[in-house]
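# need a 3D model of the sequence below.
(chains A and B)
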Amino acid sequence: MSAVLPKHIPVVREASPGLWALAWRRLRGDRVGMVSLAVVVAFLAMMLASYAGILAKDWNKERGVSYANPAFLAGAENLEAKEVTHKDFGTQAKPVDLSDIDPLAPRYKEWEERAAKIAVTEVKRAETLPFGGDKWGRDVLEKAIKGSEVSIFVGLTAALFATIIGTVLGALAGYWGGRVNDFLEWFYNIFTSIPYILLILAFAAVFKKGLDTIIVILALTGWTGIYRLVRAEYIKHCGREYVKAAQAIGASHFSRMFVHILPNASHVILVQLSQHVVGFIKAEVILSFLGLGVPVDMVSWGTMLAEAQNELVIGKWWQLVAAGASMAFLVTAFSMLTDSLRDALDPKLK
Amino acid sequence: MTTSEHLLQVQDLRVSFRVDKHNTFEAVKGISFDVPKNRTIALVGESGSGKSVSAMAILGLLPENARIPAASRALYGGEDLLKATPQRLQAIRGKDISVIFQEPMTSLNPVFPVGEQIGETLRLHMGLTARQAASRAVDLLAEVGIPNPALRVRSFPHELSGGQQQRVMIAMAIACEPKLLIADEPTTALDVTIQKQILELIAGLQEKHHMSVLFITHDLGVVGEIANHVVVMQNGVVQEQATVHAIFESPQHPYTKALLECRPRLDRRPKRLPVIDDFLKGTGAPRMEEQPRGVKEGDAVILEVKGLGKTFFLKEGLFGKRAVPAVKDVSFKLAKGKTLGLVGESGSGKTTVGLTLMRLHDATSGEVLFEGKNLLALSDREMMAYRRRIQIIFQNPYASLNPRFTIGNILTEPMKIHGIGANAEERVEMAFQLLKRVGLPEASYYKYPHEFSGGQRQRIAIARCLTMKPDVLICDESVSALDVSVQAQVLNLLQDLQEEFRLSYIFISHDLAVVKYISDQVMVMNQGEIVEIANSDEIYLDPKQEYTRKLLSSIPKGWDAARAA
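Sure, this is the predicted structure:
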């Protein structure tokens, strides 16, 4: 043989590390990737802790005055809280004596006596809360933690389902072409020709209200863009020689579609996944606004943002910042993580 | 020669590229050469030799991360081009110095008619009005030999053939009557017959316009036809520069000798091709006895193709379809342990024959008899058993290996599919043995395809085929994308494997010298039909058909002392 090649090098024959093991090894070397991973994991842990009732269990308790100031703005004037206090005691007009004509008048005394027997403890409402309070004096920070539960869960799961639907359909259309492609394209065209909100309303009318419904709705309406991109990617790769080579060695259709081509299209899919997580967290806001989203006794970043609109006018910015910052942190970390993941999965980049 | 006779003097040119924060890659390591007036200089070298980078450095067309030290100079009329301002370079490019690139299809803008693209150069550099430019464009197209130029001036690039596109590129390059024409592998993407025409055109124009030409190529055969002076480059260094006469008659540097000897020749067929190492070690080309080739009457036949046809359908209009026959009524026999060469120009249907007979395309008609069984009539399940026995090696080693698989995955996958080897350990063991057999280190098993050079990848592709112990191997332009020295190694490997495993090859190539070297029988195809089929020695000595004769006469002959005299 040619002597250009190095002489026999003894190698330790170890089990070949798989694609994922290698990807993990590369990801560990990527500082940005690891920081993003830590942030995402922290958010997920927070979400689970809140779900398990360890964190923000009493988010619904009204512990502060209305629009309580954040702790670091303790001195600021709080007109809204004063107004409420005022309403309670000061401006009450003297009631007009209607006992002559009031048929219930004789019973007032009895009721008063009964009411006196019930012990009422006046809750001392806090003037300030760590990151301020909302209209009912609930802690904004706790709301944000509790809200992550719905938002992250909805965003991640819906994006995951949408990506799976889009990828599978896109792979089928791109790989098989012909009739399959025609049919799926037709299906796609019809789907996208219906206005988005109308489609959501239609789905919402069919399914019952609830979190799972939101996920189903978002997944069933959000796959279209991913489908097109994955389809294009498959059409491109089907013509590549390595796929022909796989066919020549007798690899099955399934193996060619998902073992050979899929890893080569993974960068598109991962970027789409991260974009859809962001999009779906925001879409949940719209759904909640339309009354199709989370029930009123629950909180999500979306509902917080919706409330914040009115508060901003009267200068109460903390709810907006709490929800917005949580979302921004998670979303930035998540998209940087998918970026790093894409690089880690690509053996060509170091 | 005095300085005034040199149009361009390149002195101590160094180019390095910043790879990342700590690493730089030195592509050109201090080369010097002169381009005399009214002469053709050839820069010859294999991929990675720095020949294109040198030319692009002169033109100021290097990417952002390139660094050229201040000591390097490229003097053009006393002016150092390497230190010229971008404005000055822009004025020089296209007017005084112009370029022709390798790929005409990607070098022309697909959305503008060719006349307009030629006219743009004229308006920018010569200050012509639109009307003047348009009429000059017609003249130029006529000059580069495009038929019916008045009509063609309004054609879009995709309406022209590859050769015509390259002619348009040349027309653009000579539009402003440059003093120096840089041709960067202008014929590499073209068929031999077209290549010959383009070379003649460039030579003719050089003489007519008294230009100098800097001709960049990897093919010494082409150099012998066109150049006056040759600069041989390897790994960013000039190994030898001399007149074309001296290079071909008495090459001094072992690398030049190796380049001349590695290429298969039409007049000889040694058992093995010499490789570069033979020369660098100083032993010179080993004496080799000639390898007899040819198929005799009684040889056992492994594969017989009868009346194979393949028609593609192009969409036309909304519902219409147009039939494009790619292969028409092709019949041939492949003898066991022998090689059938398949030659033809692009579009002749040679690749389609290969893909159709192993059912990577569905045939429209015909039979492929493998040991008496018609492969085209088998069901997918029945075909599986035969899939293993006919394998293919593709042209582009960069595309035919899945970039996400390790070499280990690539080699063990076919064994898993076909149940070769009792268990995983045995398969891994077989993979290691095959790597060794094709001359790759065992450590390759854990690497990814991008970590290998083109020649090494082609070895991996060969090893993948060997895992299935095939009987027939289709080599579809398998060595065309490789450098001559690597090509020689791979051809030697194929030859060894044929002897060892008694493989039968169908060797598809547009390179007639390579086909002559490796084939027992040669089949010439043109426009989907067989033109001629005969033993390889016969066909090259005594072609029966006009088309075969035309094809053979287009092969670059390299240096021909008689012609030069």
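# next one: B:A564, what pLDDT does it get?
For B:A564, the pLDDT comes out at 51.
# same deal with A:L184?
95.
# neighbours of the closest residue to it other than its chain neighbours, how many?
Among residues not flanking A:L184 along the chain, A:A173 sits closest, at 4.1 Å (Cβ to Cβ, 6 or more residues apart in numbering or on different chains). Bear in mind the C-beta positions are built from the backbone N, C-alpha and C, glycine included. For A:A173, the neighbour count with other Cβ atoms under 10 Å in any protein chain shown is 25.
# check contacts around A:A173.
A:A173 makes contact with A:180-181, A:184-185, A:227, A:231, A:234 under the criterion Cβ atoms under 8 Å, 6 or more residues apart in numbering or on different chains.
# from those, pick the one nearest chain B.
Of all the contacts of A:A173, the one with the least separation from chain B (Cβ to the nearest Cβ) is A:N181, at 13.3 Å.
# can I take it that that closest one is in a helix?
Yes: applying DSSP: H, G, I helix; E, B strand; the rest coil, one finds A:N181 inside a helix.
# and it, what's its pLDDT?
93.
# before we move on, what about A:L19?
Turning to A:L19, the model gives it a pLDDT of 64.
# next one: A:L320
87.
# which element, helix or strand, includes it?
Secondary structure assigned from DSSP states H and E places A:L320 in helix A:318-345.
# burial count for A:Y108?
11.
# may I have the phi/psi pair for it?
A:Y108 adopts backbone torsions of phi -50, psi -40, taken as degrees, to the nearest 10.
# residues in contact with it?
Residues near A:Y108 by Cβ under 8 Å, 6+ apart: none.
# contacts only, for A:L172.
The contact partners of A:L172, by Cβ under 8 Å, 6+ apart, come to A:180, A:184, A:257.
# secondary structure class of B:F507, three-state.
Recorded secondary structure, B:F507: strand (three-state DSSP).
# for it, give me its contacts.
B:339-342, B:475, B:478, B:514-515, B:518-519.
# okay, now the unreliable bits of the stretch 51-200 of chain A?
A:81, A:83-95, A:122-123 (pLDDT under 70).
# quick check on the residue in it positioned nearest to chain B: phi, psi?
Closest approach between the stretch 51-200 of chain A and chain B, counting by Cβ to the nearest Cβ: A:G178, at 11.8 Å. Reported as degrees, to the nearest 10, the phi and psi values for A:G178 are phi 50, psi -130.
# next, format the contacts of B:F507 as JSON lines and append secondary structure.
As requested, the contacts of B:F507 are exported to JSON lines (three-state DSSP):
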{"residue": "B:T339", "secondary structure": "strand"}
{"residue": "B:L340", "secondary structure": "strand"}
{"residue": "B:G341", "secondary structure": "strand"}
{"residue": "B:L342", "secondary structure": "strand"}
{"residue": "B:C475", "secondary structure": "strand"}
{"residue": "B:S478", "secondary structure": "coil"}
{"residue": "B:V514", "secondary structure": "helix"}
{"residue": "B:V515", "secondary structure": "helix"}
{"residue": "B:I518", "secondary structure": "helix"}
{"residue": "B:S519", "secondary structure": "coil"}
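# closest to B:L314 among those residues?
Nearest to B:L314 among the contacts of B:F507: B:L342, at 24.5 Å, using Cβ to Cβ.
# need the contact list for the closest residue to A:D58 other than its chain neighbours.
Spatial nearest neighbour of A:D58, chain neighbours left out: A:E142 (7.2 Å); criterion: Cβ to Cβ, 6+ apart. A:E142 is in contact with A:56, A:58-59, counting by Cβ under 8 Å, 6+ apart.
# got a quick PyMOL command for the buried subset of those residues?
Here is the PyMOL command that selects the buried residues among those (16 or more other Cβ atoms under 10 Å in any protein chain shown):
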select buried, chain A and resi 56+59
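# other residues contacting the helix or strand containing B:E425?
Using DSSP H and E, B:E425 maps to helix B:424-437. Residues outside helix B:424-437 that contact it (Cβ under 8 Å, 6+ apart) are A:8, A:13, B:407-408, B:411-412, B:415-416, B:420-421, B:441-442, B:444-445, B:463, B:466-467, B:497.
# report the buried residues of that helix.
Quick answer for helix B:424-437 (16+ other Cβ under 10 Å): B:427-428, B:430-432, B:434-435, B:437.
# related to what we said a few turns ago, from the contacts of helix B:424-437, list the buried ones, please.
Listed as buried from those are B:407-408, B:411-412, B:415-416, B:420-421, B:441-442, B:444-445, B:463, B:466-467, B:497; burial here means 16+ other Cβ under 10 Å.
# so who does residue 237 touch?
The chain I'm using is chain A. The neighbours of A:H237, taking Cβ under 8 Å, 6+ apart as the test, are A:174, A:243, A:261, A:264-265.
# looking at chain B here, not the other one
B:29-31.
# bridged to it, which residues?
Beta-bridge pairing of B:V237 under DSSP bridges involves B:Q234.
# now the helix or strand containing A:G170: buried residues?
Under the criterion DSSP H and E, the helix or strand holding A:G170 is helix A:140-176. Buried residues in helix A:140-176, counted by 16+ other Cβ under 10 Å: A:140-163, A:165-167, A:169-176.
# with stretch A:319-332 instead?
Going by neighbour count (16+ other Cβ under 10 Å), the buried part of stretch A:319-332 is A:319-324, A:326-327, A:330-331.
# send me that stretch as PDB with only the CA atoms.
Coordinates of each C-alpha in stretch A:319-332 appear next as PDB, following Å, rounded to 0.1, in the frame of the first residue of the first chain:
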ATOM      1  CA  GLN A 319     -45.200  42.900  37.500                       C
ATOM      2  CA  LEU A 320     -44.200  43.600  33.900                       C
ATOM      3  CA  VAL A 321     -40.500  43.300  34.800                       C
ATOM      4  CA  ALA A 322     -40.900  40.200  36.800                       C
ATOM      5  CA  ALA A 323     -42.800  38.300  34.100                       C
ATOM      6  CA  GLY A 324     -40.800  39.900  31.200                       C
ATOM      7  CA  ALA A 325     -37.400  39.200  32.800                       C
ATOM      8  CA  SER A 326     -38.200  35.600  33.700                       C
ATOM      9  CA  MET A 327     -39.400  35.000  30.100                       C
ATOM     10  CA  ALA A 328     -36.400  36.800  28.600                       C
ATOM     11  CA  PHE A 329     -33.900  34.900  30.800                       C
ATOM     12  CA  LEU A 330     -35.400  31.500  30.000                       C
ATOM     13  CA  VAL A 331     -35.900  32.200  26.300                       C
ATOM     14  CA  THR A 332     -32.400  33.600  25.800                       C
END
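# what's in contact with that stretch?
Stretch A:319-332 is contacted from outside by A:36, A:39-40, A:43, A:131-132, A:134, A:140-141, A:143-144, A:147-148, A:151-152, A:277-278, A:281, A:301, A:304-305, A:307-308, A:311-312, using Cβ under 8 Å, 6+ apart.
# mind doing that once more with 6 Å?
Here stretch A:319-332 makes contact (Cβ atoms under 6 Å, 6 or more residues apart in numbering or on different chains) with A:43, A:131, A:134, A:140, A:144, A:278, A:301, A:304-305, A:308, A:311.
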